[in-house]
Each structure stands twice: as structure tokens, then as C-alpha cells.
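Dropping a prediction and its sequence here:
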Amino acid sequence: MLAQINQLADPIGAIIGFLLTLMVLSYIIGDNVLFRLAVSIFIGVASGYAAVLILYNVIWYQVLVPIFQIFSTGKLEGLPTYAIHVFPAVILGFWMITKLTPRLSRWGTPVLAFLTGVGAATVLAGAVRGTIFPQVGASVNMLNIQTAPTELGNIVGWFINGLIVLIGTATTLIYFQFGARRQEEGVPARRSVVLDYLSTAGQGFIAVTLGVLFAGVYLATLSALIDRVQFLWDTISRFF
Amino acid sequence: MTDIICPLCGKPNPEELDECQYCQAPLKVAGFIASPEDQEDFSQIFPPSPDQAGEEDQDTQPESPPPSEQSIPDWLKQTEASFLKPSEPEPEELSSEQLSEQIDALINLPSTPAEPQKSAIDDEWLTSLLSEAGAIESIPEGEVLLERAVETGEETSTPAGEETTQEEEEPPAVPAERPAWLTNLEASSNIKLDGGMQPSEVPEPEEQEASVEETGVPGASEHVEIPDWISKVSFEEVPPEPKEPEPPIEPAEIPGWLEALRPSEEATPTAPVEDVSAADVVTAGPLVGLRGVISAHPSAIQARKPPTYSIKLRVTEEQRARVQMMEELLAEEQKPKPPTSKRIITSQNIFRLAIALVLILPIVWMIIAKSQQSPLPQPANYPGVIDFFQQVQQLPAGAPVLVAFDYEPGFSGEMNSAVSTLLSQLMAKNTYLTLVTTAPSGVALAESLVKDAGTGLAGSLSSYPYYTDLGYLPGGTMGLLGLASSPKTVLPYSLEGIDVWASAPLNTVSSVTDFGAVIVITNDPDTARAWIEQVGPVLRAEDGPILMVTSSQAEPLIRPYYEASPSQVQGMVAGLAGGQAYSRAVGRQPQNGVWDAFSMGVTVSILIILIGGIISMVFMLQASARKRED
Amino acid sequence: MKRILPITNAVIAVVSGLIVLFGYFFPGLLSGIQSVLIGWAIIIAAFALLVGVFNLVMVHWKKTGTEGSNSIYSIVLLISLFITIIVAGLSGPTGSWTLWIFNNFQVPVEVSLLAVLAIVLLYAGARLLSRKPKWYTILFLITVLLVLVGSAPLFLAGESAPLSALRSWLSQVPAIAGARGLLLGVALGTVATGIRILIGIDRPYGG
């Protein structure tokens, strides 16, 4: 019986996938019931799988199994580590459940505050040492003579490219600078003319970058479309 | 039961009350507790209102005087009784001339003492007093002096004869006599006397009492002590002195407030604006005899429930209709509007459907035909691919490699070819795959791909054995920081519950730098940036490589990290083209027509964008030309 | 209490954030506490995900009780959620039945959603010039076309070396310049926001 079920699992699964694919692709015609049903099924399956994964991966193996092992084996030397690293977090985690009810919601805010503080410090440090310093250094090193090619023809291209990257980076940052000097009363505040021109140049670089991004997104979606067409054809050819 | 007549409103009150229950006037003032007989006399002076007349008639006379009355001497009672006897008819109606005379009397205070009637009464009183005491019968001067001392508190020396003369000349200024006790009572209740004395002229109660005590006979006892000075007074007939011109009397210094009260001399007293001739005459209280007075009757000021007025608005039909309209509008706002059913067949949908058909049909054709006409991409055209391939090739055999499956299943169509190639290359080197993911769906994805890659590699049904799945790492950026510093702490067990850190080869791994390489497979540029920012600096310190397999959409934002100097990403495979190039570099040649379909799709897309752009521009120019014409 | 709780929340956020931040600068002194706090945050984040799933169930449970056609979607969602929990719970996150559900339900829908996006993006690209375009719109469109041309060989036309070289230059020089500017801008904004949170000015947790 189980073997039969296992044998039928693949074709049944293929049919289910086939139908769900068609239901979602029907959105090309317009929003409809089939599309919404398919999306509802997807959300339910994804959420359920995430919940099971958390229960397995974190609650069971990181919270419950260690304490069971400590008491079952009698090796209490792991207890202080558990008490410091895990137990307070479990208490805080259950405390956060108060956020579910509107009446007790504000009592769960300290836990969120803790998460926010730790998260803010983490991303702050990462941004500084992972992006700002290296990328500024990279922009400067674009014109580092030590990394220049030795051939003359290549040097010109290297220099122009480096200059373009440097100017592009700076003008892109200038474009996002929206401060202006206060003028007399009744006169609207304006940026300086130089900044205006530089920000216009930055606008151009941003347009190019966004164009590349748009093309990349489209290529990714095109690949997905090709994959679905291939799946549909494979399913049809499998059964017919 | 003895009832007390209120001196203000004239209504009877029970004797135990201290204040009138109708007008809250004090009933029991020192020296004033009128006996029932006196109350009758009193009622004659202050006759009750007609509606109260019946009540008073019904009231029984007190059988015994109340205790407070017993404290008043009989001579005083007699005096009061004689005072209360009406000596002249009470003028029930006052003409306007009489009223003006009263007002004049108010303005021009009589310098003479009281009326001759009063002096006559005083004389009789004093005469009787003295006769009882055996004093001289006629006491003209002393009488007058005595009287004044009692009443006015002033010492005058007007002879009695002149008084009588003045008495004849002067018209009665007031309609009734006002005894001093009554005057005091009224003064204490802050009632301006009508035609009576000025407040400054009201003697102090103590003074009055003292004067009464001085002159009065204590009680009804027979012992009448007559002061010595009376006996010393000799009443000699004084011939009428020739009338001497009276010395000009200097006008008294009138205080300012009194001056302000003086009516304008220029203004002649006019008749009342309102015709009060038909109004009722006040029969009780201090304003007795006047017409048109706002009734001070307790029933007028009696606390009662105010009349209720209807608060029903008078609404016209038009207003009612508008209100109803407003209510319907508000009710409609609260009702959730059902979504309007959109027409499926619209120009937009048709255009979109046409584009879809134009794009999909060639792709279908390529898939069905399994076309392989388009040349595969060259790895050299993709700089990151070569570096990626070389980094993987440089890994020692059996080395633990951390592979992070952080991409969504939706991008599996684009990235699965690159991932499969990577796994096959790693498996070929027998590297120990340590799988981890920061996305919940990555676990199942990793398992599926590893099992498929392992099966394909080994050519058998068994999967690749040299791997462990550490599972899901929650917390995002915070989890990556924890993984970078101590992976054993944040992921102590594998997904199967095995302590993989206790056995080889992970027992030699204490930090992320102990891995041969960290390979991140992601479609999200933010996830890639998080790995580069959190794990990258730790790896860079030990020259550990971090390699990326990304989607085409994330490539533009990850390339700056790859192109940086020093490089933050040591190798990068991006998109379907990069995956195909990587496959070619590894030596795998996919033969499923996907690349041709991709090529066809790109070509058709370029044509659709160009043609669509040209058509849109033509329409736009036509529309703007039409607008300019208009 | 109304004033004490927000201040307490701010103090908690600031103190915990500063400990983690200073752990980078004083690793010998604060690295231990930093790793403890990070460990707590990871476990709490897992609980947060569970709370999110539970909230999703509650919201859709309430919707099933309402009248209207939208309740059927909530019913379908809840049924699929509970079945997945039961099957994955019995089979395990990497069990065969769990992977069957994952590969035949989640993957097809997610890939199909992305496939529909291709049509929508192409339709948007075709209508880009329908309104009066600005100079950067045209530059954007030209860039898109050049990248598309260079990303794959044109059918029947083959690969064009100049176009491929142009595409490579576009993605390696001006696009990198713009991308680097964007990344630096994002990083600077992250630093500013992080500092505001760590000194208590911004309180996104609702304190």
C-alpha cells in the first residue's frame, strides 16, 4: 500500500504542480478566483513549513534537547552554559507572546526593544566595516597607480574608467543630498548651481544602474517563465 | 398651637421654627415675640394678603403666650399695643400726589420729631407712667426729650407746642406709624424703609434697649422707678416765645453715596412709565401700600420645579429630507463596498495577452524542439565565473565547505543549473558540505538539490554522504554575526539532532574561517550584502574566500563588492548566462534547449520593447499634436 | 507606568545595542557578553517567527467567520497550513513527504508567480514611452536594451562582439559607479538610523 502510494506520489505531484502552474499563469488574463486560490495554498504551505522548521530546528534541538541531555546524562557542567545562553532567551521568547493580544501588547515591547537594539548595532557595525570603508577605498583605488596596467593603451582606458567610476559614485551620492541654503523671505530655497549640475550627472548614473537592474530582474523572470514552460511540456509529454 | 406670624410676609409659622418657612425671615428676634393679641394688632398694620386672610382667620389664637413673650414687660406690650392702634385710616390707595409727597418726605427729612399723634401718645404714655409713679402730670419738655431719646437718639429742644403746630401743618408723611422695634427689624433685614428713617438714623439695638431700659418700666411689677432727673425736671409753662427767625441751618454733610442716591432735581417726578393703577396693592411686607411691586410673596420666590419646556425641534419637511439624505450617506460609508467586478476583456488585458502569446509561443517552440542553435556563453566573457571556478578548484579534498542556500524557490529555474554544477564540482572533490540557510525554504531546497546532485553524480540511488545540514539560522544579520564568531554556539546540532561538531571533520572547526570556503547562493542583494558585511570581514582577516552564486537581479549590486580592491567577493556566478558559462567551465554541457529558449525570449523581448516603444511614442506625439491644435 | 515603560524600553534598546557595538571595539572585554546577547536575539527571532505564523492563523480564522467570498481563501489557507504542519511534523523538515509537498505545491506556485512577472515587466517596458519621456527615461530604456542584447546571443543573429563588449562595459563601469553610490548611500543611511536608535531618538519598537 505504501509502495503504491509512493509510486503514485510522483505523477500525482506532477499533476498538482501542473494545475497550480496554470492557475497562477491565468493571471495574465486578469485577477481571478483560481489565481487567488493558488496563492492561498502557497501561503498556507510556506507558513506551515516555516513553523515546523522553527519547532524542529530551534525549539526542539536548541532549547529542549540540551536540557533533556543534561538531566538524562547527569552531566551538569553544561547547565551553566545553558542557563546563560538559552534559558533567558526562552523566557524572553515566551514574554514576546504577549504581543499577540492588544491588551497585553505593550508589555511585550521590552523584548522588541532588545531585538531592535541588538539588530541596530549589528547592521551599523556591518555597514561601517563591510561597506563604507571597503567601498570608499575601492573608489579611491580605482585610480591607484599601483594597480594600473603597464601598457599605454590600457592605461588611458584604465584612467578613464576609474575617473568615470569615481565621478559616478560621487555624483550619485550628491544626487541624494537635498539640503539647500535658506534664502530671503519669499524666495524658494535652492541648491547651488554646481550641485545642481553634479546631481544631474548623478541622475544619469542612477538611470544607467536602474536600467541594468531592470534588465537583470527581467532576465530572472524570463528564466522562470522558460522553466515553467518546460515543466508544463514535460508534464504533458509524460502523460500523453 | 401657637403660630408665629412672620413679620415680613405675614404668614403663620409654627412656633418652634426660628425662620419663616416661606420667606426665611427670622421669626424670633430679641425683644420681638408678638403675642397673639399683638399679632392681631400687628396684622392690622401689616395686613396679610387676601389669600392669607383666610389662613389667618383659621389660625387659632395662642392660648398662652410663648415663653419668649413672657420676657417682654407689660408696659412695653402696652406701648406696642398703643403704637399698633391705627390712629388714622390706612390709605389703601395712594394717589400720585400722595406718592410724590412721600418721596418729598423722604428727601426732606423732617427735623421735627415724630407726629403729634405719636407725641400725644408719648405724652399719654409718659403721663400715665408718671402718674403711676406720682410724678408731675404734665411733662412737656421732658416728655419731648424722652421721646426723642427713645426714638431718634438725638437731643432736640423743640417745644411740644411747636410740635403740635407742626403736627397740624405737616401732612402725614407716612401712612402708618412705625415703631422702633419694627424699624430695627427692618434694618436688620436690610430693607429700606419707605418714608421711614434713614439707616443712619436707626438707633442701635443696644442703644434702643438701653433707652428702653432707661425709660421703660420693667415688667408689670408695681415698682416703678422713676429716675431722679425726671423728678428734677420742672415743667414750667413757658410763654410762647416770639418767633425768631430760625438760624439758617447749615446743610448737613451728606455722604457721597447718599448724594448719589439723590434724584436729579432737574428731573421732575413724573408719573410712572407703566400704568400701575390697575396693579394690586401690596398688603404685607415693607412695601405695603404700593402698587405695581414685584411680589415678594414667598409663593413668587418659592423654590419649585421649573416648568419644563419641550425641546422638540421644529423641523420642516425640507430639513427632514436633508437629514435623511445625510444619514444615508453616512450609512453607506460604513458599509464595505463590494469590489466592483472588473471586466476581464479590457484593452489592457488584450494587449498583455498578446504580448504573452508573442513571448511564450517561440519559447514553447524552442523547448519542444530542444533547439541547440545558440552558442553557449563563454566563461571568459564573465569575469567572475573564472575566479569562481578557480576558487572551487583550489579547495583541498575533503575540506569542509560552508554552503548557504539563501535563495527563494521561485528562482530555482534560473539558478538551479549553476547550483547543480557547483554541487557536482564540490562532490567531485569529496568536500564536506555543511549546509546552512537563513531562509526557511532553503532547507528543503538544499536537501532536494543535494539529493538530486548526489544521485546524478554517483549514478546510484544513494545520495551523497559527505554532508550535514545545520538547518535554519534565525535572526538574519544577527544570526550571521553569531555564525561568523562561533558557529557551534548558534547551531549546536544538525537538523537530525546530531552533534556534528563533536566528530570529524567539523571538530576542527571553531570559527567560520576554518571552513575551506564560504559559498553563498542567494537571489536577494540584501542577503548577499549581509553575508559580505558580517562574515566577510572575519574571512578577510584570514584570507578566507567568500564566493557568490546569484541571480541576474542581484548581480549589479554585488558586482561592486567583487570589483573592489581588495576584493570582498572572490568569485561570482550570476544568472542563467553565468550558470551556463560556469557549466561550460566545469565541462558540463546542458542539452535541454533552455539556452535557445532563453535566447529566443531575449530576442522577442527586445523586439517587443522596441516596437512597443515606437508605437507608444507615435500615439503620444499624435495626442500632444491634437492637444496643441485644441 | 505610562512614562516608566517607554523609558525602560529605550534603556533596554540602548544598553543592549551599545554592548554589542562596543564588542567590536573591545573584543577581549565584551565579546563574551556580545555573543550571549546575540545568542538570545537568535532564539527570540525564532519565537518571533512563530508568533507571526500564529498571528496569521488568528487573522484568517477570524476571516472565516465573516460573510463574503473572501472567506473561502482564508479557509483554503488554513487547511493547507494545518495539513503541512501535520505532514511535516510527522515526516520531519527534510522527510520525503515534506519534500513532496514542498516540490509540488510551493515551488510551482512561486516559480509561476515569477513567470507572470516577466509578462508584466515586458508590458511595462513596452509602454515606457507612452507618456512624455524625460532624458533619463530614454537613457534607462537604452541601457535596458543594451544589457538585454548583450546578455544572450540574438536568435538567428548570433552574438555580437561589440554589443557584448558594450554590455560588459556598461555593467562594469557606469553601473558599478551608480551601484557603489547607492550602496554607500544605503550604508550611510543605515549608520544614521542605527545611531538614532542607539541614542534613543528613534524608537521603532513602539516605546
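Alright, I've got the coordinates.

who's in contact with the residue of chain C found nearest chain B?
Nearest residue of chain C to chain B (C-beta to the nearest C-beta) works out as C:Ala126 at 2.7 Å. For the C-beta atoms, the positions are set from N, CA and C on the backbone; glycine is no exception. The contact partners of C:Ala126, by C-beta atoms under 8 Å, 6 or more residues apart in numbering or on different chains, come to B:355, B:608-609, B:611-613, B:616.

Break down chain A into its strands, ranges please.
Counting by DSSP state E, chain A has no strands to list.

any chance of the contacts of C:Ala126 in TSV, plus secondary structure?
Output for the contacts of C:Ala126, formatted as TSV (DSSP: H, G, I helix; E, B strand; the rest coil):
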residue	secondary structure
B:Ile355	helix
B:Ile608	helix
B:Ile609	helix
B:Ile611	helix
B:Gly612	helix
B:Gly613	helix
B:Ser616	helix
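
so which of those residues comes closest to chain C?
Nearest to chain C among these, with distances taken as C-beta to the nearest C-beta, is B:Gly612, at 2.7 Å.

From C:Thr84, how far out is the residue of chain C closest to chain B?
39 Å (C-beta to C-beta, to the nearest Å).

How about B:Tyr466?
On the measure of C-beta to C-beta, B:Tyr466 and C:Thr84 end up 30 Å apart.

Which one's more surrounded, those two?
Set B:Tyr466 next to C:Thr84 and count neighbours by other C-beta atoms under 10 Å in any protein chain shown: C:Thr84 wins out with 25 against 14.

so what's the more buried one closest to, chain neighbours aside?
Of all residues not flanking C:Thr84 in the chain, A:Gly48 sits nearest, at 3.1 Å (C-beta to C-beta, 6 or more residues apart in numbering or on different chains).

My read is that that neighbour contacts C:Ala88, right?
Yes. With contact defined as C-beta atoms under 8 Å, A:Gly48 reaches C:Ala88; the gap is 6.6 Å.

Tell me the buried residues in the helix or strand containing C:Leu122?
Under the criterion of DSSP states H and E, C:Leu122 resides in helix C:107-126. Neighbour-count burial for helix C:107-126 flags C:107-119, C:121-123, C:125-126 (criterion: 16 or more other C-beta atoms under 10 Å in any protein chain shown).

Restrict the helix or strand of chain C with the lowest mean pLDDT to CA atoms and write it as PDB.
When the helices and strands of chain C are scored by mean pLDDT, DSSP states H and E, helix C:161-172 comes last with a mean of 85. Coordinates of the C-alpha atoms in helix C:161-172 are reproduced here as PDB (Å, rounded to 0.1, in the frame of the first residue of the first chain):
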ATOM      1  CA  ALA C 161      31.100  41.200 -30.100                       C
ATOM      2  CA  PRO C 162      30.700  45.000 -30.000                       C
ATOM      3  CA  LEU C 163      27.400  44.700 -28.300                       C
ATOM      4  CA  SER C 164      28.700  42.200 -25.800                       C
ATOM      5  CA  ALA C 165      31.700  44.400 -25.100                       C
ATOM      6  CA  LEU C 166      29.400  47.400 -24.700                       C
ATOM      7  CA  ARG C 167      27.200  45.400 -22.300                       C
ATOM      8  CA  SER C 168      30.200  44.400 -20.300                       C
ATOM      9  CA  TRP C 169      31.500  48.000 -20.100                       C
ATOM     10  CA  LEU C 170      28.000  49.200 -19.100                       C
ATOM     11  CA  SER C 171      27.800  46.700 -16.300                       C
ATOM     12  CA  GLN C 172      31.400  47.100 -15.100                       C
END
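
right, and B:Glu15 touches B:Lys28 too?
No. Contact criterion C-beta under 8 Å: B:Glu15 and B:Lys28 do not qualify, at 9.0 Å.

who touches both of these two?
Shared contacts of B:Glu15 and B:Lys28, defined by C-beta under 8 Å, 6+ apart, are found at B:Ile4.

residue boundaries of the helices in chain C?
Secondary structure of chain C (DSSP state H): helices at C:4-25, C:27-64, C:71-91, C:96-101, C:107-126, C:135-151, C:161-172, C:174-198.

Ok, chain A next?
Ranges of helices within chain A are A:2-25, A:33-54, A:65-73, A:79-85, A:87-95, A:109-127, A:133-141, A:152-175, A:193-239, based on DSSP H.

Nearest to C:Gly194, out of those?
Checking those against C:Gly194 by C-beta to C-beta gives helix A:109-127 as the closest, at 3.3 Å.

on that earlier part again, what about the least confident helix or strand of chain C, near chain A?
Yes. Helix C:161-172 comes into contact with chain A (C-beta under 8 Å from any C-beta of the partner chain), by way of C:170-172.
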